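Peer 1: Mind looking at a prediction? Sequence and model below.
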Amino acid sequence: MTNITFHGGVNDIGGNKFLVEDKGTKILMDFGMSFTDEGKFFSQFMNARTSNSLADYFELGILPKIPGLYRTDIAKHVGFGGDEATEIGAVLLTHAHVDHCKYISYLRPDIPIYCSEASKLIMQNYDETGTDQYLTLKERFQVYTNNKGEISRASGDKVKIPRNIQVFEDGKKFSIDSIDVEPLPVDHSLPGVDAFILHTSEGSIANTGDLRFHGRREKDTARFVERCGESSLD
Ligand SMILES: [Zn+2]
């Protein structure tokens, strides 16, 4: 049985978090922020707390309560497990707009993030210029013993954990357990955007991501539509 659960991005622009399950394989397509949800509760100077962010997002219904999905430092801090194994085999990222990728910062670093090279570079830019943690997570609540034998709070390079980033090539299929993934480039308002066709054990499905039918890569969008036509989509 193939199941799709929409944890965001329904009757909304962005906030996409689509969970696809096939024969025990679970993958997420995008893990983005909903401007609508965040706008209901937060503003420029009033955001979710930092260490307690997950508690705030769960309470407000902004993030789904999926065990094993979130970074263990924050999950443990808010009493949401943290020692269990993760069931999520991968996150497929369509593109690096925040309404598709923002909450990657909260995921466990060992969950592979599949993205285009351009998306990786854009997220690296977010890491280097802002406070988000896309490619490298900085673990909280860590301590170490300094030269004088004192216990100190660890920060910076001492607490850096790289995420498992898997760069795919446009048009080149890859597999995540029972699911075959076709990443197909499309045109949008930033570089490195892909749509996906997933071939599961019970049929094929497509995720357009964000696309447009004009721009420098309009032919790529047309090609994606053609591939959808050829793929007996459910
Ligand atoms: Zn977009």
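Peer 2: Yep, that arrived.
Peer 1: Next to the ion in this structure, residues from this protein, please.
Peer 2: Taking CB under 5 Å from the ion as the measure of proximity, the chain contacts the ion at 97, 210. C-beta coordinates here come from the backbone N, C-alpha and C atoms, glycine included.
Peer 1: Check the gap between the residue sitting furthest away from the middle of the chain and the ion for me.
Peer 2: In the chain, residue 148 marks the outermost C-alpha relative to the chain mean, sitting 41.1 Å out by CA atoms, centre = their mean. As defined by CB to the ion, to the nearest Å, residue 148 lies at a distance of 50 Å from the ion.
Peer 1: which stretch of helix or strand covers that residue?
Peer 2: In this structure, residue 148 is located outside every helix and strand according to DSSP states H and E.
Peer 1: where does this structure have low pLDDT?
Peer 2: Along the chain, segments meeting pLDDT under 70 are nowhere present.
Peer 1: can you give me the strands for it?
Peer 2: Assigned strands in the chain, in chain order: 2-6, 18-22, 25-29, 88-92, 113-115, 136-138, 143-145, 151-153, 160-162, 165-167, 174-176, 179-185, 194-200, 203-207 (criterion: DSSP state E).
Peer 1: ranking the ones you listed by burial, who's on top?
Peer 2: Between the strands of the chain, the one whose residues have the most neighbours on average, counting mean count of other CB atoms under 10 Å, is strand 113-115 (a mean of 24).
Peer 1: any idea how far the ion is from the nearest residue to residue 78 once chain neighbours are set aside?
Peer 2: With CB to CB, 6 or more residues apart in numbering as the criterion, residue 78 has its nearest non-adjacent residue at 4.2 Å, and that residue is residue 55. Spatial separation of residue 55 from the ion under the definition CB to the ion is 29 Å.
Peer 1: and residue 55, what does it touch?
Peer 2: For residue 55, the set of contacting residues under the criterion of CB atoms under 8 Å, 6 or more residues apart in numbering consists of 49, 78, 80.
Peer 1: and the residue lying closest to the last one once chain neighbours are set aside, how many neighbours does it have?
Peer 2: Once its chain neighbours are removed from consideration, residue 80 has its nearest residue in residue 54; the separation is 6.1 Å (CB to CB, 6+ apart). Residues lying near residue 54 (other CB atoms under 10 Å) number 23.
Peer 1: Residue 54: what's it in contact with?
Peer 2: With contacts defined as CB under 8 Å, 6+ apart, the neighbours of residue 54 are 63, 70, 74-75, 77-78, 80, 106.
Peer 1: Please identify which pair of those lies farthest apart.
Peer 2: Farthest apart among these by CB to CB are 63 and 77. That separation is 14.7 Å.
Peer 1: In this structure residue 107 contacts residue 86, no?
Peer 2: No. Counting by CB atoms under 8 Å, residue 107 stays clear of residue 86, with 9.0 Å between them.
Peer 1: more crowded one of the two?
Peer 2: With other CB under 10 Å as the criterion, residue 107 and residue 86 differ in neighbour count, and residue 107 comes out ahead with 21 against 16.
Peer 1: Residue 67 and residue 205: what is the separation?
Peer 2: Counting by CB to CB, to the nearest Å, the separation of residue 67 from residue 205 is 25 Å.
Peer 1: who's in contact with stretch 196-213?
Peer 2: Counting by CB under 8 Å, 6+ apart, the neighbours of stretch 196-213 from elsewhere in the structure are 1-2, 4, 18, 20, 22-23, 29-30, 92, 94-95, 97, 100, 178-184, 186-189, 193-195, 218, 221-222, 224, 227-228, 231-234.
Peer 1: run the last query once more with 7 Å
Peer 2: Among residues not part of stretch 196-213, those counted as contacts by CB atoms under 7 Å, 6 or more residues apart in numbering are 1-2, 18, 20, 22-23, 29, 92, 94-95, 97, 178-184, 186-188, 193-195, 221, 227-228, 231-234.
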